[in-house]
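[1] Got a predicted structure plus its sequence, pasted below:
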Amino acid sequence: MLEIKDLTVFYGTEKAVRELSMKVSGEVVCLCGRNGAGKSTVLRAVAGIVHVDSGQILLDGKDVIPIPLHKRLESGIGYVPEDRKLFKEMTVRENIEVAKIGVKASGRKEMNIDELLPELASLYNRKSKLLSGGQQKLVSIARAIATSPNVLLFDEVLEGLARSMMIKISEIVTKIKAEGKDILCAESSLDKAGMYADRIIWLEKGQIVATGSPAEIKKQISDSIRAR
Amino acid sequence: MLVKRAGSFIVCLTVAVFMMGAMVAGAADQKAKIPTDPIKIGFVVPLSGVAATLSPNAGINAELAAEYINKYEGGILGRQVKPIIYDEKNAQTAVELFGKLTEDDKVEAILGCLSSSSGLAVAPKVEAQWKIPTLLLESTTMALFTKVIPNAKYVYRIGPDDVMQSIAHVTAVLKDKPDVKTIAIGAPDYEWGHDVVKRFQEIMGKFKPDVKFVYTFFHPFGEAGPNFAAYITNVMQNKPDVYVGYSWGSDGVAWHNQAEAMGLFKAVPLVFDVFSGTAKGEMAREGVLAETRAGNGTFPPYILGYPNSKFTPMIVEKTGVLPTYGMDIHMLTGLLYLKKAYEKAYDLTGQYPTFEMVAKTLDGLSVVGPDGISSMINHQSTAPGMAVGRLHKEKETWVMKDLILVPDYLRIVPPWMTVEQFIDTLDKVQK
Amino acid sequence: MAQTIINVVPEGTPPVGHIFESQQMLSTFLSYIFNALPMVSYIIMLSFSLNFILYISGRVSLTFAGIYLVGAYVTVSVGTYFLGQNFSLLSFIAILLAVGLLGAAISIVVYATFERFLKTDVHRMIATSSLLMVFSGIIKIQWGTTPVTYSAPFLKMGISEVLGNIVPNYYFFMFGFSLILMLALAYFLFRTAWGLRFRATSLDGDRTMAQVCGVNQNIVTAITFAISGMLAAIAGGLYAPIAGASYGIEGNALLLAALTIIVGGVGSIGGAVLTAFIIGIARVITAVEMPLFELAIPFIIASAVLVVRPYGIWGKEFKH
Amino acid sequence: MNTALSMTVPSVGRRTWITTLIFTAIVVVLPFFISGYQRTLLQKGLLWIPSVFGVYILYSLLRQVHFGQSIFIGLGSYITAFMAGKYSVTNELMILLPLALVVSIVVAYVLGIFIMKRTGFYFAVMGIAVTMVFWSLVYKARTITGGSDGISHIKNPSLFTVPLSDMGLYYFCLIVSVGIIVLMLRVLNSSFSLQLRAIAGDLEKAESIGIPVKRMQRLAFTIAGANAGITGVLLAFSYNYVSPSVFEWGYGANFVQSAIIGGVTSFAGPVVGAFGFINLEFFISTWFANLWEIIIGLTIAIIVVTVGEKGVTGIVQTLFSKIRCK
């Protein structure tokens, strides 16, 4: 279970995230909002890439903020970055290896990557920079789930993909959830979020404006537009 | 409080009375009083950079030379010598340091400048601006007194010029191998290297016209990781009778190592080598002729000569090595010249000598220095080291035997001749 | 004054005919390569010492030139003290490895106490090049300014004759040693688990993502600096028997290493080796044929490469 | 993260002009109170200012380290040495200065075309490489340049055919140097400097808003080179001697070190740096003959690690503002 309490993150001198509190447990929660609303920042704060100014991030009741970046995966937080960010000179296998050897997946049941992502089997020995965008996304996901972390963070995982690939990846996300993982995502559009999210949190200027199922949020938004 | 003041007043009064007395006494002697404070002498010697590999203990040796003068010679005109030692970094710094020494530190003479470039930069300024007695050590370029300051008044040099050293080298080579027909010769690629090779070839041509120089090369000077394999291969392919080597410093070490490893010295005898005279002697070879710029101060029998019997042990005690480079001992030679010049000028005029008087007196002086007897002829000291001898290992120390000293008339360009004219006469003298 | 070279004529070769000419040319060509070997191995190690830090941690650090100096001096002192003129290959290799460890230690200490706090490449370049002055000052105080030498390994290994060229065996040893180190490094990078982590954080990878994947950046950087220091110190140690150790040579070492990166490209072991051959052989040829260009040739090659291929012959563009 | 953007070059206000005036007044009067060699050092400091300003422009506006200033100093020096020394053509400053200026501008423009292809570490190394090409050619062409012995007996200069005394040369150097300071202040306060800063901040963005990136970079490099060319002529006349060591990269590095010591966030930086470095080097090496390398090396390293490119002027400014706050 991932719980965020009063999280505040500064970007330069501006507050990117303001005293945000939320909880993810056994579901797929998706942060939505306009550019600069702070959704990526929340994910990056949980992953440990950006510095947290105040607040708490609790993983199964334990604060993860003091844990250094390179120990986050070991303690159970996997992160799939926005624009894939593979180690492009390495093969697919090596990309996944990096995560495996760096981390002792203590006591966690290993996920079967071949079963979850059967498309990768034929690509193992290809250099990752030679793959297509969708394939790269799959490698990126494989790298994050290789050590079976309890919480997974997907940053705009459907961005820039063809429709068929979007469907495939949303299915994978659902499958991962079925393994009993907590999943926190960020998407810029409600349509994409609606493809896999159980619950959506609408952010504006680093604060939660609305929470609910995709359909509820869609309705709220269209109401507010009509009201204007 | 009052008592104290009164006490100091009485002391002052007494001093004043004594001083007046002394002045009267001086006047009665018809000679000016010599100041009793130490006489400051400036030293501009290399303490860093490539040049410092040649004379690694120049700073210590400058102090020792002053110590020697103070201890055994009674200073200059009875005044203790106080050395002021600076690092000759490059030509520009040397100019600035000469200015500081004359204007700020008020030294009464300057010794120094190993590299030709600082000597060339400094000399015209001394002549035109500072007008202070200056004894350049080394700065061997011929251009100094022929082109840059042809009518020198204040600048003198204790250091061999190209002609002096080349005559010594040629004589030594011919003495060792009288029937030499072909020579390979190598030198570092900078002005001194080119000059010395050119002179060697010219003078060899005069002494023995049928000698052929089959291979001449100039290797990069003072580079990191010098690699001489290509040159060594070429020397061996040209099969000369002898090899004459002018590489020194780190180049010298590298050259010897590589030539030894590639078997050059088995194929071609190394007859003359400048390096063996300037390093610690680690790479020296039995029987090779080497130049020692420190003359008979360098290798035994320094025990015999004066002032080496005292001065050389001082250096060995302090630095752990024998003086091998000219600068090491010529600072003492320079101080001895200065001492003599000051004393002679004082005797002649009865006044404490001015810079001009000292500079004038310096010409024509003779001193018994670490090199033996040397004279200042035409601003150039006649016996600056330039002995060539045969290396021999005796009880873990390298010793120089059979020193070959060329008579002065054979190696010093007389004032009325140009270098070219002098070299022209050499073959006649030889016959 | 340089005279034309008379090429090697192996004894017993008939002095006429086509075979003779080609053999003579081959021999001359081989002599260029053999004579360039020491410089080649020296450039390979030094340049990769700089290259490795630049490639793995994206930092410019010129401290390696100071460590090279220390390596050369310590090898001479230790070699003379322990072995003197008695020489055995194994003990010499042991000394080299010990010197390598010393270099690694110095490199880590300098990184941890000083270089870590530098913020930009420009700062690193200026601060570490000032540090070189400190290194050479310390060398001057400890060893003085006379060049020192320990030549036993070079002299005692003997010579071989290859097609009429006399080559000291030490040249082969030196080249072999540096090549083995390079191969070991390549093996480490491309075949081991730790190497994977290094590649993940390198300019080819992604530093943040590597950390997200559990790579400890601090340890990787420390080891990177250690390897770089080791290479530099061993380069000094290997070259000392040939050329001795002398004060004030670090600037030149620095330049050759930097030029090799420009020509060979960042992070390419093959590029470094080939560039070392190009520069080494060019130096040997110009030394004999065109002395005017001997000193300038590495710089001319680098400038020319930069005009044609701005990221080096084998290099690729990195943005960091 | 982006230091290039967060770093600003202060605008030239009234205070800068007043400081320049005070500085000028001091160096005008100072020679009457100091000895000759100190005047030589002062003159050297004045002459270094233009060159250090060249490094300053490339550093503070383009974030590049320019080790190649010695190329242009060398060119200026050798032009002077040939014209007023070896071949005795003329010693007229009004001919030699424009000549050196033209030569260095042409050379700098040509070199700028390909040196400016790369940035950062590569730019720095390319500067060094080109310097060393010049050095080795001058060093090796002994018959023309005198090789390592250099060219001595350069005549004293004359200005409009009036021979200049040592003092006259000092004041001429002063006028040139102050003139260049004023010129540089104008340049740095123009749209030119804004455009350069935009290039340093984000090259692609600068290109997209219509700044001719390549031309601006080359222009900055040329200005730096022209400054150094002038320095070269006057330095050769000050010492009446040149040697190939002016082409060595270590000499060019001195200007970078000066700029760092002085600081590149304030206009006073190059001035403070030039005088600071020269005095540090000269007096440290006379007082601690054996330790000067360690002391200077550590000084620069510590300045860089503590205050970065702000240098001595940065430290002084911080102290000053702290005192004022209290």
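    Looks like it came in fine. For clarity, every value in this text was computed on a predicted model and none was experimentally measured.
[2] what about whatever residue of the stretch 51-200 of chain B ends up closest to chain D, how many neighbours?
    Proximity of the stretch 51-200 of chain B to chain D (CB to the nearest CB) peaks at residue B:99, 2.5 Å away. For glycine as for every other residue, the C-beta is placed from the backbone atoms N, C-alpha and C. The local packing of residue B:99 (other CB atoms under 10 Å in any protein chain shown) involves 21 other residues.
[3] Assign a three-state SS to it, would you?
    Secondary structure for residue B:99, judged by DSSP: H, G, I helix; E, B strand; the rest coil, is helix.
[4] cool, residue A:211 as well?
    Recorded secondary structure, residue A:211: strand (three-state DSSP).
[5] Chain D contacts on the stretch 101-250 of chain B?
    Proximity of the stretch 101-250 of chain B to chain D is confined to B:102-104, B:116-117, B:120-121, B:123-125, B:129, B:141, B:143, B:147-148, B:189-192, B:194, B:221 under the rule CB under 8 Å from any CB of the partner chain.
[6] State whether the residue of the stretch 51-200 of chain B closest to chain D and residue B:130 are indeed in contact, as I suppose.
    Yes. Here residue B:99 reaches residue B:130: they are 7.1 Å apart, a contact under CB atoms under 8 Å.
[7] mind listing the strands for chain A?
    A:2-11, A:14-24, A:28-33, A:54-59, A:62-63, A:77-80, A:151-155, A:182-187, A:199-204, A:207-212 (DSSP state E).
[8] Output the longest helix belonging to chain C.
    Ranked by number of residues, the top helix in chain C under DSSP state H is helix C:18-57.
[9] What average pLDDT does that one get?
    Averaging pLDDT along helix C:18-57 gives 84.
[10] now for that helix, which elements pack on it?
    Using 3 or more CB pairs under 8 Å, 6 or more residues apart in numbering or on different chains; DSSP states H and E as the contact test, the elements touching helix C:18-57 are helix B:229-238, helix C:63-82, strand C:165-168, helix C:169-191, helix C:193-201, helix C:217-243, helix C:250-264, helix C:269-289.
[11] in chain A, which segments are predicted with low confidence?
    A:102-110, A:228 (pLDDT under 70).
[12] who's in contact with residue A:56?
    Neighbouring residues of residue A:56 by CB atoms under 8 Å, 6 or more residues apart in numbering or on different chains: A:3-7, A:63, A:65.
[13] about what we covered before: nearest approach to chain A belongs to which of the helices and strands packed on helix C:18-57?
    Of the helices and strands packed on helix C:18-57, nearest to chain A by CB to the nearest CB is helix C:193-201, at 4.5 Å.
[14] Show me which positions of the closest one end up buried.
    C:195-201 (16 or more other CB atoms under 10 Å in any protein chain shown).
[15] can you check stretch B:233-242 too?
    Residues B:233-238, B:240-242 are the ones in stretch B:233-242 that count as buried (16+ other CB under 10 Å).
[16] could those residues go into a markdown table alongside distance to residue B:262 and pLDDT?
    A markdown table is the format used below for these (distance: CB to CB, whole Å; pLDDT from 0 to 100):
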| residue | distance to residue B:262 | pLDDT |
| --- | --- | --- |
| B:233 | 7 | 86 |
| B:234 | 11 | 86 |
| B:235 | 10 | 89 |
| B:236 | 7 | 87 |
| B:237 | 12 | 86 |
| B:238 | 14 | 87 |
| B:240 | 15 | 91 |
| B:241 | 19 | 90 |
| B:242 | 17 | 89 |
